[in-house]
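Participant: Here's a sequence, model it:
(one chain, ligands or ions: 1)
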Amino acid sequence: MAIDPTSPVPKYAQLRDLLLDWIVEAGLSVDALVPSERELGVRYGLSRMTVRQTIDLLVAEGKLYRVPGKGTFVARPKIEMALALASFTEDMRARGFTPGSRDLSRRIGPASGGTARMMGIPQGTPVHQIERLRTADGEPMAVERSSIPVSIAPHLDTFSLSGRSLYSILEEEFGIILDSGEQTIEAGVCDPADAKLLGLPLGSPVLSMQRRSFAKGRCVELARSLYRADRYQLHSRLDPRRTAGS
Ligand code: GLP
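Facilitator: Okay, here's the model as predicted:
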């Protein structure tokens, strides 16, 4: 396949699709070197600037990655974001990664108006405020900020969360079994501090997730998490179309 100069689709976007197809057809696996910008320019009859635009796009999408001085390589496939009430630990283990957690901050503080509203508790109620960097095989994946009412898990602050799952502590130490939840996921851009934690360039896209988890109708956790958009994607099954009246 070649670039179609008469197509309304910009050339850099055509090259994106051609390159992705070629990677599959040529059987390039993860970490395989892709041809240089110069070679691609010659192969597809495009300027180096157009090729660079395509590579920049594929890098931003998490399909390719660059190693300065070495070239551009095929990235790992993205991880599908869990659409279940799974803990990060369970989810990573199920996918064959070793989960990790680094405490960024832990404290007890008064629930702000927004947090209190979301959790159905009075404003100012003491909540554990837990901020963690979550890793998979040692690589930063997400920053998670959770609020949990102190009344639900009084001494939670005395348990270390490095190397231990929050959900398993809630279950084993406090007898809390989460039985329902809901989450909202939207696109976002990480601020400089989060970009640094996640090892991403400034202004990188993230999937911003807000989750409420409940046990017996009571909100146990409100979590706001930032997941790397270059490592995560969302996949959902679609229900059949409903016909009028059904
Ligand atoms: C997911 C959720 C978080 C929750 C975490 C618990 O990542 N998005 O809201 O805090 O799981 O994970 P773990 O039990 O591994 O600490």
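Participant: Where is the longest helix in the protein?
Facilitator: helix 11-25 (DSSP state H).
Participant: Give the buried residues for that helix.
Facilitator: Neighbour-count burial for helix 11-25, counted by 16 or more other CB atoms under 10 Å, picks out Lys11, Tyr12, Gln14, Leu15, Arg16, Leu18, Leu19, Trp22, Ile23. Just so you know, the C-beta spots here come from the backbone N, C-alpha and C atoms, and that holds for glycine as well.
Participant: How about stretch 54-68?
Facilitator: Thr54, Ile55, Leu57, Leu58, Val59, Glu61, Gly62, Lys63, Leu64.
Participant: Kindly reformat those residues as TSV containing pLDDT, distance to the ligand and secondary structure.
Facilitator: Shown next, in TSV, are those (pLDDT from 0 to 100; distance: CB to the nearest ligand atom, whole Å; DSSP: H, G, I helix; E, B strand; the rest coil):
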residue	pLDDT	distance to the ligand	secondary structure
Thr54	97	33	helix
Ile55	97	32	helix
Leu57	93	29	helix
Leu58	94	28	helix
Val59	91	26	helix
Glu61	85	23	coil
Gly62	87	19	coil
Lys63	93	24	coil
Leu64	95	27	strand
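Participant: before we move on, the earlier item: between the buried residues of helix 11-25, which sits nearest Arg224?
Facilitator: Of all the buried residues of helix 11-25, Arg224 sits closest to Arg16, with 32.1 Å by CB to CB.
Participant: ok, that closest one - contacts?
Facilitator: Listed by CB atoms under 8 Å, 6 or more residues apart in numbering, the contact partners of Arg16 are Thr54, Leu57, Leu58.
Participant: For the buried residues of helix 11-25, give me a markdown table that also has distance to Lys196 and pLDDT.
Facilitator: Converted to a markdown table, the buried residues of helix 11-25 look like this (distance: CB to CB, whole Å; pLDDT from 0 to 100):
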| residue | distance to Lys196 | pLDDT |
| --- | --- | --- |
| Lys11 | 35 | 96 |
| Tyr12 | 30 | 97 |
| Gln14 | 35 | 96 |
| Leu15 | 32 | 97 |
| Arg16 | 29 | 97 |
| Leu18 | 35 | 96 |
| Leu19 | 30 | 96 |
| Trp22 | 35 | 95 |
| Ile23 | 31 | 95 |
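Participant: between these, which is nearest Ala229?
Facilitator: Closest to Ala229, out of all of the buried residues of helix 11-25 and judged by CB to CB, is Arg16, at 16.6 Å.
Participant: so how far is Ser208 from that closest one?
Facilitator: Separation of Arg16 from Ser208 (CB to CB, to the nearest Å) stands at 25 Å.
Participant: ok, now Glu39?
Facilitator: Applying CB to CB, the value for Glu39 to Ser208 is 38 Å.
Participant: Looking at the two, which one has more neighbours?
Facilitator: Taking neighbours as other CB atoms under 10 Å, Glu39 and Ser208 compare with Ser208 leading, 17 against 11.
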